[in-house]
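> What follows is a predicted structure for the sequence shown.
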Amino acid sequence: MTMTMVGVIALTGLALSGSDDYTQFGGSASGQSVTVVAPGSPDSASSSSGGTSSADVPVVREWRATPELCWLVDLDAAAMQLAESCADGYRVAYTGVECPDGQVAVGALFRQTHTATGAGDGWSAAELVEPEGCMTEVDITTLAAQAFASMAIQPSPLVVQPPDGWTLVNVDTITYTTDVAQDLDTVLLGTPVTIRAVPHHFTWDYGDGAVVSTEDPGAAWPDHTVAHAYAVPGETEISLTTTWRGQFRVAGEAAWRDVPGEATTTSSSGTIAVHEARTRLVEDTLP
Amino acid sequence: MVRRVVGWVVLLGAVIGVGACTGEPSPGPTTVTVAPTESTAASPTPPAKPERPEAMERDDAEGAAAAAQYFIEMYPYVMATGDTAEFEAMSHDACGFCVDTLSQANQIKNRDETWTGGEITSSLVESYEQDALTGIFPLDVDIDQEQAVITDAAGSVVFTGVPERAQYRVEIAQRDGEWLVVEIAPRPES
């Protein structure tokens, strides 16, 4: 039996060793996948927003131990909890499962909780939440899409400059919002999943017929990129329609996966008075 | 993940291949004497080994970036010379990119083929905080590679590449105080 397997593997090796398989740098780097989510990147969980004050320390941290991740315990700065979850006692939880077609393997989920009074760095011992298993990708994507569709999304903040409910004709009235994603933690098929709404597109209606449609959230003066100059005085109202796209991530996994569908939210500025200002020469020194 | 499995299979195949070859009388020396006379006329001097940056002595993000760029820029040297020792020493077992690269460099050498061109320049785009769980420093690096050509011992072209420019995520960490590349992959989409 073993001999047959070796034969097959050797053949595979030969088949892959033809000159056609030569690549440049990008060829060797094209099929790999990264292990960790870069902190501070748009991909990273909201809990890793950084900061040094104790209030910013996440209360719970989760990761999935896989045979691949356990290869990294030999690194100098690998955390104790990784070594803990990769120790012999837990190995049985993630020896590497083989899943039937249409299902994907997920590693064993570990969790630690943080308490300010905890021993050492404040993190509890690693606890096995869920052993590795198979997940039907299609099912979980469908469920994630449903969860996204019913997710309550806070409308984007709408900021107008000048800020006090009035503006002037013929000068830029600046508008901006943020492109901050919103997360919802939920459980799908017994697995903790984070659903994320990511603002994708912004449509500004300035109330006088002018509409600006952009993927740029804009910025405050003097770095503003989204603005409108009113031509006539009067009263107006600015509204912002945000189009959101959905993503989801299984707890402890690095990658976000897309959810089909879009959601929209609308924000409004309230009434804004548009004034006309006339220049006037004055004799006295201005205060 | 799947790619890594393929990487291991290839490696295993290569190991078995080497094992099989040791049994036969080696034709190696004969070929080696012939190859240079044929290829010296056509091939320019192989790319020089990049200089090991001093910043690699640091154990912080700056050291990580210096080590990552050194490793990446060693790529054409490794392909052209088959001198894989330092590249291999800087490759973590988990690095599928490293396995594939080493396997190709060894294959070029074993078949007495010649790699020319493919010079790489890299620039650091972003360096992220160290991962708390693994100690990995994730980095984004832009890589420009010129066209590479591989010719066989008779001078026939067996592979022609294209100039490439792409952005990669590099994962690098220290083991026993030395920098090791854990993976190089396309930059994940945000």
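Nice, I can see it. Numbering: from 1, shown residues only, chains lettered A, B, ... in the order given.
> From here on, just use CA atoms for contacts and neighbour counts.
OK.
> Show the residue spans covered by the strands in chain A.
In chain A, the segments counted as strands under DSSP state E are A:60-65, A:103-106, A:108-113, A:127-130, A:133-136, A:159-161, A:166-168, A:172-176, A:182-188, A:191-205, A:211-214, A:227-229, A:234-250, A:257-275.
> go on, chain B?
Counting by DSSP E, chain B has strands at residues B:114-117, B:120-127, B:137-145, B:148-151, B:157-160, B:164-175, B:178-186.
> model confidence over the last one, on average?
This predicted structure assigns strand B:178-186 an average pLDDT of 93.
> Can I get that strand in CSV? Just the C-alpha atoms.
These are the backbone C-alpha positions of strand B:178-186, laid out as CSV (Å, rounded to 0.1, in the frame of the first residue of the first chain):
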residue,chain,number,x,y,z
GLU,B,178,17.5,35.1,12.8
TRP,B,179,14.9,36.4,10.3
LEU,B,180,12.8,33.7,8.6
VAL,B,181,10.3,34.3,5.8
VAL,B,182,7.0,32.6,6.7
GLU,B,183,5.1,33.3,3.5
ILE,B,184,5.0,35.5,0.4
ALA,B,185,1.7,35.8,-1.2
PRO,B,186,-0.4,38.2,-3.2
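> is that strand anywhere near chain A?
Yes: interface with chain A: strand B:178-186 contributes B:183-186 (C-alpha under 8 Å from any C-alpha of the partner chain).
> Tell me the one among those nearest to residue B:136.
Nearest to residue B:136 among the residues of strand B:178-186 next to chain A: residue B:183, at 10.0 Å, using C-alpha to C-alpha.
> what about the residue nearest to the closest one when sequence neighbours are not counted, neighbour count?
Using C-alpha to C-alpha, 6 or more residues apart in numbering or on different chains and skipping residues adjacent in sequence, the residue nearest residue B:183 is residue B:95, 4.7 Å away. Other residues near residue B:95 come to 23 when the count uses other C-alpha atoms under 10 Å in any protein chain shown.
> what do you get for residue B:129?
With other C-alpha under 10 Å as criterion, residue B:129 counts 17.
> pretty sure it contacts residue B:137?
Yes: Residue B:129 is within contact range of residue B:137, at 6.5 Å (criterion: C-alpha atoms under 8 Å).
> Give the bridge partners for residue A:235, please.
In this entry, residue A:235 is beta-bridged to residue A:273, by DSSP bridges.
> thought residue A:74 was touching residue B:173?
No: using C-alpha under 8 Å as the test, residue A:74 is too far from residue B:173 to be in contact (10.1 Å).
> Neighbour count for the two, which is higher?
More neighbours surround residue B:173 than the other of residue A:74 and residue B:173, with 31 against 14 (other C-alpha under 10 Å).
> Leaving out chain neighbours, which residue sits closest to that one?
What sits nearest to residue B:173 in space, not counting adjacent residues and going by C-alpha to C-alpha, 6+ apart, is residue B:136, at 4.7 Å.
> Likewise for residue B:126?
residue B:140 (5.0 Å).
> Need the pLDDT of that neighbour.
On pLDDT, residue B:140 comes in at 93.
> And the one 5 residues further on, by the same measure?
Per-residue confidence for residue B:145 comes out at a pLDDT of 95.
> what's the answer for residue B:54, then?
Looking at residue B:54, its pLDDT is 95.
> same check, this time on the one 5 residues further on
Residue-level confidence at residue B:59 comes out at 92, pLDDT.
> what's the answer for residue A:81, then?
Listed pLDDT for residue A:81 reads 73.
> need the residues of strand B:178-186 next to chain A in JSON lines with distance to residue A:200, can you?
JSON lines is the format used below for these (distance: C-alpha to C-alpha, whole Å):
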{"residue": "B:183", "distance to residue A:200": "30"}
{"residue": "B:184", "distance to residue A:200": "29"}
{"residue": "B:185", "distance to residue A:200": "26"}
{"residue": "B:186", "distance to residue A:200": "23"}
